[in-house]
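S.K.: with the sequence up front, the predicted model follows.
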Amino acid sequence: MYSHVGERLGISALVEDGDLYLKVGDTQVEIAAIWLRDSCPCPESRADNGQKLFNIVDLPADTRVERARVVGRSLEVEFAPDGHRGVFDVEALITADVPPGLADARNEEAKRLWRLAAEVSPVWNDWTDYLADPAPALRALVDDGFALVHGVPTDLGQVVAVAETFGFVRETNYGTIFDVRVEENPVNLAFTGLAISPHTDNPYRDPVPTLQLLHCIHNETTGGESGLVDGFAAAKMLRENNPRAFDVLTRTPVTFRFDSTDAHLSATMPMIGLDQSGRVREIRFNNRAMVAPRLESSLAGEFYSAYRTFAELLYHPEAQLNFQLDAGDCLIFDNTRLLHARTAFAATGGRHLQGTYADLDGLLSTLQAFEEN
Ligand code: OGA
Ligand code: ZN
């Protein structure tokens, strides 16, 4: 056993049974030897870019801490049985004492939920201001689930340029971009003048496109108002009011399908997807694309009752934020969390949106880069 007090920081290192303990005042942080060795930043262990140069099988299975001492801000460690040495930032070791997954930006805990439309303040960002500094709008997109931009040039294909301000387009069978306007033989009800109730897009895809953009080229029709609903907030409410129904929707796999002449897509997932800690992380809800689940009759009753209860929360008029998309407006939203809807519009009137998909991982990466600079 070897211990030493880091005088400046008041941190002491203690080795017991081959593992390391850092004492800071009255608290003690336990650090497993194998984790410490796996995290070693020495040039033998990591390239300049931070990527690891060894594999788990390269480490002795009985890796232990032999000696450790705090010197200033550093922790010097000697491992056994191979005598490997590493120097660690002692403060970083203490702050790294966070359960994995807590930093995930995609679950309900990382979000600003809005159960009622009145609880969220939609901000219309001007395109020129947005281009000069996209960070505030992108931050709202991550926190509230959506961002709105107006003044986007109404050139066809411009929605791709919007997506490229933060990430990469996800091409699908609908194309790089898709036109939302009345079509003669629509493959999808979106391409009619019918009302579309709140839904997430493409639930029949795995992985699902996690972001959606809708850019209004022109809109001279009556009707065709847009709506957004926070699916995470509704799921949270369901868990509070009816935990049994919540449980059923998180456990029952549901198949979503899309068929056209050139596409046969299907994915089977629960409507409410949870992470390993039970936090809501993904909603799939689409009345048009859901295959009626063929369940044994006692389960069917329970599933349909839970589905109805969740739908009632999602379809509650006060849950839906309504606004009109006019020429040059662009809506960007988190398709794993928010449901979107539109009211019916006159098929003869002119309404033309262009849409595309993108993904949250690219957005989160871009936002982090913006916020760090
Ligand atoms: C869609 C859709 C909404 C609208 O294309 O996915 O839901 O406002 N469109 O037309
Ligand atoms: Zn849609």
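M.R.: Sure, I can see it. Ligands and ions are numbered 1, 2, ... in the order given.
S.K.: list the residues that contact the one residue in the stretch 251-373 of the chain that gets nearest to ligand 1.
M.R.: Residue nearest to ligand 1 within the stretch 251-373 of the chain: residue 342 (3.4 Å; CB to the nearest ligand atom). For the C-beta atoms, the positions are set from N, CA and C on the backbone; glycine is no exception. Residue 342 makes contacts with 195, 196, 224, 225, 226, 227, as judged by CB atoms under 8 Å, 6 or more residues apart in numbering.
S.K.: of those, buried ones?
M.R.: Restricting those to buried positions leaves 196, 224, 225, 226, 227, with burial counted as 16 or more other CB atoms under 10 Å.
S.K.: near ligand 1, list only the ones from those residues.
M.R.: Restricting the buried ones among the contacts of residue 342 to those near ligand 1 by CB under 6 Å from any ligand atom leaves 196, 226.
S.K.: help me confirm that residue 232 comes into contact with residue 113.
M.R.: Yes: counting by CB atoms under 8 Å, residue 232 does reach residue 113; the two are 5.6 Å apart.
S.K.: more neighbours, those two?
M.R.: residue 232 (28 against 21; other CB atoms under 10 Å).
S.K.: for the more buried one, what are its contacts?
M.R.: Residues counted as contacts of residue 232 (CB under 8 Å, 6+ apart) are 108, 111, 113, 145, 280, 283, 337.
S.K.: assign it to helix, strand or coil.
M.R.: Put simply, residue 232 is helix when judged by DSSP: H, G, I helix; E, B strand; the rest coil.
S.K.: confidence score at it?
M.R.: On the pLDDT scale, residue 232 is placed at 99.
S.K.: now the helices for this protein?
M.R.: Ranges of helices within the chain are 33-38, 90-95, 127-132, 135-143, 158-163, 231-241, 243-251, 297-314, 360-372, based on DSSP state H.
S.K.: other residues contacting the last one?
M.R.: Put plainly, it is helix 360-372. Residues outside helix 360-372 that contact it (CB under 8 Å, 6+ apart) are 105-106, 133-135, 138-139, 141-142, 166-168, 210-211, 334, 336.
S.K.: for PyMOL, write a command that selects the buried ones of these.
M.R.: The buried residues among the contacts of helix 360-372 can be selected in PyMOL (16+ other CB under 10 Å) with this line:
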select buried, resi 106+134+138+141+142+166+167+210+211+334+336
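S.K.: what's the farthest-apart pair in the contacts of helix 360-372?
M.R.: 133 and 336 (25.7 Å; CB to CB).
S.K.: could you pick out the residues of the stretch 51-200 of the chain near ligand 1 for me?
M.R.: Applying CB under 6 Å from any ligand atom, one finds that the stretch 51-200 of the chain approaches ligand 1 through 180, 190, 196.
S.K.: what sits against the nearest residue to the second one once chain neighbours are set aside?
M.R.: In other words, residue 190. Counting by CB to CB, 6 or more residues apart in numbering, residue 190 lies nearest to residue 180, which is 5.5 Å off, once chain neighbours are set aside. With contact taken as CB under 8 Å, 6+ apart, residue 180 is in contact with 190, 191, 214, 352, 353, 354, 355.
S.K.: rerun that using 7 Å as the cut-off
M.R.: By CB atoms under 7 Å, 6 or more residues apart in numbering, residue 180 lies in contact with 190, 191, 214, 353, 355.
S.K.: which of those residues tops the neighbour count?
M.R.: Ranking these using other CB under 10 Å puts residue 353 first, with 24 neighbours.
S.K.: I'd say it and residue 212 touch.
M.R.: No: taking contacts as CB atoms under 7 Å, residue 353 lies outside contact range of residue 212: 11.0 Å.
S.K.: now the contacts of residue 342 in CSV, with pLDDT and distance to residue 62?
M.R.: Shown next, in CSV, are the contacts of residue 342 (pLDDT from 0 to 100; distance: CB to CB, whole Å):
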residue, pLDDT, distance to residue 62
195, 95, 66
196, 96, 61
224, 94, 67
225, 96, 66
226, 98, 61
227, 98, 60
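S.K.: closest to residue 307 out of those?
M.R.: residue 196 (18.3 Å).
S.K.: that closest one against residue 189, yeah?
M.R.: Yes: shown here, residue 196 and residue 189 form a contact pair, counting by CB under 7 Å, at 6.4 Å.
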